[in-house]
Structures are given as structure tokens and as C-alpha cells.
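S.K.: sequence and predicted model, in that order:
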Amino acid sequence: MKELKYLNKYFLKYKGRLLLGVFITIIATVFKLVVPMKIGDSVTAVKQYMNGEITDLAFVKHELLINILLLLGAALLSALFTFMMRQTFIVVSRYVEFDLKNEIFQHYEKLSLGFYKQNRTGDLMNRISEDVSKVRMYVGPALMYSITTVTLFIVVVSYMFYKAPTLTLYAIAPLPILSLAIYKLSVLINQRTTIVQQYLSKLTTFTQESFSGIAVIKAYGIEPRTNTNFEELAEGSKVKNIDLAKVQALFFPLMMLLIGVSNILVIYIGGTRYISGEIAEFGTIVEFLIYVNMLTWPVAVVGWVTSMVQQAEASQKRINEFLETEPTIQNLVEESTPVDGNIEFNNLTFTYPDTGIKALKGVSFTVKPGETLAVIGNTGSGKSTILELIGRLYDVEEGMLKIDGTPIRKLNLNDLRESIGYVPQDSFLFSDTLSNNIRFGKENASEEEVIEAAKKAAVHKNIIGFNKGYDTILGERGITLSGGQKQRVSIARAIIKDPQILLFDDCLSAIDTETEEEILQNLNKISKNKTTIIVSHRISSVKNANKIIVLDEGEIIQKGTHNELINSEGYYKELYAKQLLEKEM
Ligand SMILES: Nc1ncnc2c1ncn2[C@@H]1O[C@H](COP(=O)(O)OP(=O)(O)OP(=O)(O)O)[C@@H](O)[C@H]1O
């Protein structure tokens, strides 16, 4: 229960409703008790008339009518209070589920990129959906059934003891066995359910990947292989589901068996005691039979609730693991620190903490507002890493990264990120309209601003070519757009933000050279007083930059302007010659 203590704050938050729930449960239980009582009284009255103890038929009829009315009234009130009981406990559990999901999601958003690299998306999703659902079972049904069981047990068993103590002992003797058996069965059911869910999750991942990669599957003609793999997974899933169904099928027969034993004991012991005169009224036996049946479900529930709590404990443990994870990148400065955009790398060496890969080695350069720095180099040479460090997605351990003369850690993180317009290598578009995807850079941007940004990113003409124009909904990962269109929408998103620092990570790679030229010219105008860094593999993207640095395995091997670099021997000149040749061919 250690892990579940985390939820106490929610119990406290909703204590009013919960206390009301406990009160309603007690009332509902008391009314439930009236039903068997009145049935017992009615049977006794009929028996007494048959035996000749009562001779007045009208009196018996009147007695029966009163009993029926009381019985009906009690049953109706009990049903009403049971409904209200569910309205309190189950509704509170839904509130807690909502709060907890929000809390986890908000915490996820705070966590650093490294956390997402270390944990699989499926796992993150499971903790916020599956695990929270299991925890809800503890907050709602488990709590509700526990309170019902305790109340019912205290009220019913006390009354039974008052009526016939020995018969009560016999009647309730099989109940602990029932509880234990249901607990064991529930554990087995939970184990098998977990396996079934694992299979389901494998099947979902496989299906999702197959649909996402359908173009590759078709191009390579591997549909038969994919079908076989799916069939194998589905077969595994079927076997595990059948295993689960077998143990689930035992649940009710087991309950019926033990209720049957209790009923036989009540009839046999009750009958012999009635004959010997130890039980005064025949109706008591009927009453007890109903009580035993009434107690069966709550007793079975004890076992079920125990396993529910165990599962919730395990789930909350997994949730707490993530909630206790601190973001590695923290905002260390509360006051606002506006950013002008003077960027300075000073002998900076950076190693990725998770892989130990040294991505940058002794890198030094400066770039001022109004300037464009271009970074060029082979794949894996550390170009993207430079941009990630400027956005403080990772912290620098060796050397110094200053912005406006201040070490990056001493800047307000929100101000820093606000001042950056970043276009990543993989443009990610949300399943939303094109205009909302662009507006992502500036939430309250007007329609005109969206169009203006799209024009500057040279994508406006493409957008108005779609039937629904800016209202075109993009499918999962923007599949209705070409690679180059996606890149340009992503550029428009950065432009509309109008940030002080613009970072472009190889985001012109899928765009033809003419459109590239148009965008670069627009960027030239936009970035008059801004700091711009363009990462690219293409000379055409970097040639107009004020400064160019060439990276190789994390080190700067060349520095200069386009003209300086094409006139000195080295990587840049070779690349220039190669790309010039390709263009001519
Ligand atoms: N998140 C990460 N965690 C661990 N290692 C990483 C991470 N990102 C990049 N690396 C490694 O750091 C090195 C530099 O990568 P980086 O992405 O900066 O190169 P790049 O020059 O931008 O390459 P490309 O042109 O292919 O985009 C590579 O060896 C890469 O494998």
C-alpha cells in the first residue's frame, strides 16, 4: 500500500463526496436488510395460520399486505440509495482518473528529451492509460465494494447472530473459503489478462507499423510474409484468450458451489433446530437463506478487491517512477531574460549522456543578430547537435555556450525557447488543418499572418491548390503532403513566430533549387535583425551565409565565407566541385 499513499491527496480533495458515499452505503444496506425480514415474517404468518395458531384469515391477509408494502418500499429505497452510492464513489474515481492523467501528462511535458530516448512511447502511453485505469479501480470500485461489504457484514451478521447464533456460524462458515478461492482465481485471471494485453499490444503495434509502412511492404512485395507474421501473432493471442476464458469460466460456478453449501447447511441445521424447538419461527430459515445469498457477492468481492488493490499498487508504482523523475533540463532563472541573439560557442565539447557519443569537440564560433551562419559537413558530424544545444535540449558540460554574453543555463528557459524558431530535420505535422499547423508557431495569428508566412515559405501556391486550401486536414504525420511541402509548412511555422533566433536543420533538402532560392531570398529579408543558423548538405543553401563552418566528426575543419572556402583546398571546395558537376549533368 506504500505506493498507493500517493493517492491520499485525491481522497482528501474529494473527502466531502466520499463521506457522503459512506453514509449513503450504510442507509442502502439497512434498507436491504428489511427485505428478508419481511419475507421471513410473511412465511411465519402463513405457517402459523396453517398450523392453526392463528385462525383469523383477514388478519393474516392484512399482515401479508403490510409486509409486501414494506418490502416493496424498502427494496425501492435500497435501489435508490445503491444508485446514489455508485454516483458518489464511481464519479469520484472518474475525477481522480482525470486529475491523475492530467498530472502525468503535464509531468511528461516537463521531462527532457533524454527521458523520451530512454523510454518507449508505448510504455509512456500505457502508464497514462492502462495503469491509470487500474488505479481507478482502487479509488472507485475497490473502495465502494469494501465499504459495502464491511457495512453489510456488520449489519447482516449482527442481526443474524441476534436471531440464531449457532445457525449463523454454520451459514457463514463456507464464506471465508469462498473469499480465498475467489482471491486465488482473481490472481490467476489478472496474470492471464496481463498476458492477453501484452499480445494485444504486440498485435496493435504490428498492425499500426504495417499500415504506416504499407508503401514499403507493397514495393518489396512482402504482403505474404506480413500476413504470416500477423497470423502467428493472432494465433498466439487466441490461445492466450482461450486460457483466460477457462479461468474466467470458473468464477461463477465456484461461487454457486459455495453458496449451495451454505444453503444446504442453513436448510439442514435450521430445519433440525426448528424441529427441536431451538428456533422459534419457521420464517427464520427462509430469512437466513436470503441473507446467505445476500452475503455471497460481497464476500466474493473481498478476494476480487484484494487482487484489484494489488494490481493498483503495481500500476501506481510504475506511475510514481515517472512522476518522481526530475527533468534533467531545469529552468534555473525565475526573472525574465530577453534574448537578443548573440550566440557564442567557446571550445565546446559535447558528449550525448545516453550513448556516450562525443558529437562536438572543441567547437568555437560566434554569430550575431543580422548574421547568418551556415553549418555544413558529413552526416553524423554534429551539425544538428549544435542546434539542439542552442535550444538547450541538452546541457553543456565542457566548454561554454553563451547567449548575449550570458552562459545559457543562466537564461530563463522559457524566454530562450520563446526566442527560437526551430525547423527540425524531420518536419512533424499534426493531424489538424494546414492553417493550424502553421499557427502552431503563434497561437493567436490571424488568417492574413498565416497566409503571409506561407507565402514567405513558398508553400502558399501549393496550399490554395488543395480543395479545402488552408482548411485541408493533414492525415497522420501529414501524409497528404509531399516531403518538400511538409518542410515548407514547417518553415512557415517558424517564420510566423517571428523569433529572434532562426534555426534551420537541413530543412531545404527535399525542395528543388529554384524554390530553395526563393525561400532563401525571403529569409534574407525576414532575418535582417535576427540570428540565423542554416544546417545543410547543399552548397546552394549555404553560399550566401555571412559565415560558414565545416564540421567533420564533431570538429570544425574549415571556416570562412563561400568565396574564401572555394578558393582554399579542402572539404568545401571538393563538395562545391562535386555539386556543380551534378548540376551540369
Ligand atoms: N539524441 C542522441 N543521443 C545519442 N547520440 C546522438 C543523438 N543525436 C545524435 N547522436 C549522435 O551524435 C552524432 C552527431 O549527430 P548529429 O545529428 O548532430 O549529426 P548531423 O551532422 O546533424 O548528421 P545528419 O547530417 O545526418 O543530420 C552522431 O554520431 C549521432 O549518432
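M.R.: All right, it came through fine.

S.K.: please count neighbours and contacts with C-alpha atoms only from this point.
M.R.: Will do.

S.K.: give me the most central residue, the protein.
M.R.: Closest to where the C-alpha atoms of the chain average out (CA atoms, centre = their mean) is residue 128, at 2.7 Å.

S.K.: which strand or helix spans the residue nearest to that one when sequence neighbours are not counted?
M.R.: In space, and not counting its chain neighbours, residue 128 is closest to residue 101: 5.8 Å by CA to CA, 6 or more residues apart in numbering. Counting by DSSP states H and E, the element that carries residue 101 is helix 57-110.

S.K.: show me which positions of the helix or strand following that helix end up buried.
M.R.: Helices and strands here follow DSSP H and E; after helix 57-110, the next one along the chain is helix 113-118. Residues of helix 113-118 classed as buried: 114-115 (neighbour count, 16 or more other CA atoms under 10 Å).

S.K.: for the lowest-mean-pLDDT helix or strand in the chain, C-alpha coordinates in PDB please.
M.R.: Every helix and strand of the chain was ranked by mean pLDDT, DSSP states H and E. The lowest is helix 571-584, at a mean of 77. Backbone C-alpha positions of helix 571-584 (Å, rounded to 0.1, in the frame of the first residue of the first chain) are rendered in PDB as follows:
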ATOM      1  CA  TYR A 571      36.200  19.600 -48.000                       C
ATOM      2  CA  TYR A 572      34.100  22.600 -49.000                       C
ATOM      3  CA  LYS A 573      35.900  23.100 -52.400                       C
ATOM      4  CA  GLU A 574      35.600  19.400 -53.200                       C
ATOM      5  CA  LEU A 575      31.900  19.400 -52.300                       C
ATOM      6  CA  TYR A 576      31.300  22.500 -54.400                       C
ATOM      7  CA  ALA A 577      33.000  21.000 -57.400                       C
ATOM      8  CA  LYS A 578      31.000  17.800 -57.000                       C
ATOM      9  CA  GLN A 579      27.700  19.500 -56.700                       C
ATOM     10  CA  LEU A 580      28.500  21.800 -59.600                       C
ATOM     11  CA  LEU A 581      29.200  18.800 -61.700                       C
ATOM     12  CA  GLU A 582      26.000  17.100 -60.700                       C
ATOM     13  CA  LYS A 583      24.000  20.200 -61.600                       C
ATOM     14  CA  GLU A 584      25.600  20.400 -65.100                       C
END
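
S.K.: name the helices or strands packed onto it?
M.R.: Counting contacts by 3 or more CA pairs under 8 Å, 6 or more residues apart in numbering; DSSP states H and E, helix 571-584 packs against helix 539-542, helix 562-566.

S.K.: quick one: the residue nearest to residue 32 when sequence neighbours are not counted from residue 553, how far?
M.R.: What sits nearest to residue 32 in space, not counting adjacent residues and going by CA to CA, 6+ apart, is residue 78, at 5.7 Å. For residue 78, the distance to residue 553 equals 76 Å [CA to CA, to the nearest Å].

S.K.: tell me which of those two has more neighbours.
M.R.: The neighbour count for residue 78 versus residue 553, taken as other CA atoms under 10 Å, is higher for residue 78 (23 against 17).

S.K.: per-residue pLDDT, the more buried one?
M.R.: Looking at residue 78, its pLDDT is 87.

S.K.: pretty sure it sits against residue 28.
M.R.: Yes - under the criterion of CA atoms under 8 Å, residue 78 makes contact with residue 28 at 4.6 Å.

S.K.: so residue 421: helix, strand or coil?
M.R.: Classification of residue 421 by DSSP: H, G, I helix; E, B strand; the rest coil places it in strand.

S.K.: check contacts around it.
M.R.: 441, 494-495, 497-503 (CA atoms under 8 Å, 6 or more residues apart in numbering).

S.K.: ok, residue 28 next?
M.R.: By CA under 8 Å, 6+ apart, the contact set of residue 28 is 77-82.

S.K.: where does it sit: helix, strand or coil?
M.R.: When classified by three-state DSSP, residue 28 comes out as helix.

S.K.: okay, now the unreliable bits of the protein?
M.R.: Counting by pLDDT under 70, the low-confidence segments of the chain come to 476-479, 581-585.

S.K.: on that earlier part again, what's the PyMOL syntax to select whichever of the contacts of residue 28 are buried?
M.R.: Listed next is the PyMOL selection for buried residues among those, using 16+ other CA under 10 Å:
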select buried, resi 77+78+79+81+82
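
S.K.: which elements pack onto whichever helix or strand residue 261 is part of?
M.R.: Secondary-structure assignment from DSSP H and E places residue 261 in helix 223-275. Packed against helix 223-275 by the contact rule (3+ CA pairs under 8 Å, 6+ apart) you find helix 165-172, helix 174-212, helix 283-323.

S.K.: okay, now residue 200: neighbour count?
M.R.: Neighbourhood size, residue 200 [other CA under 10 Å]: 18.

S.K.: what does this structure have sitting close to the ligand?
M.R.: For the chain, the residues in contact with the ligand (CA under 6 Å from any ligand atom) are 352, 354-355, 357, 359, 378-385.

S.K.: quick one, strands of the stretch 401-550 of the chain?
M.R.: According to DSSP state E, counting those that start in this stretch, the stretch 401-550 of the chain carries its strands in the segments 406-407, 420-423, 501-505, 531-536, 547-552.

S.K.: let me have those strands in JSON lines, adding distance to residue 210 as columns.
M.R.: Formatted as JSON lines, the strands of the stretch 401-550 of the chain follow (distance: least, CA to CA, whole Å):
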{"stretch": "strand 406-407", "distance to residue 210": "46"}
{"stretch": "strand 420-423", "distance to residue 210": "28"}
{"stretch": "strand 501-505", "distance to residue 210": "29"}
{"stretch": "strand 531-536", "distance to residue 210": "32"}
{"stretch": "strand 547-552", "distance to residue 210": "37"}
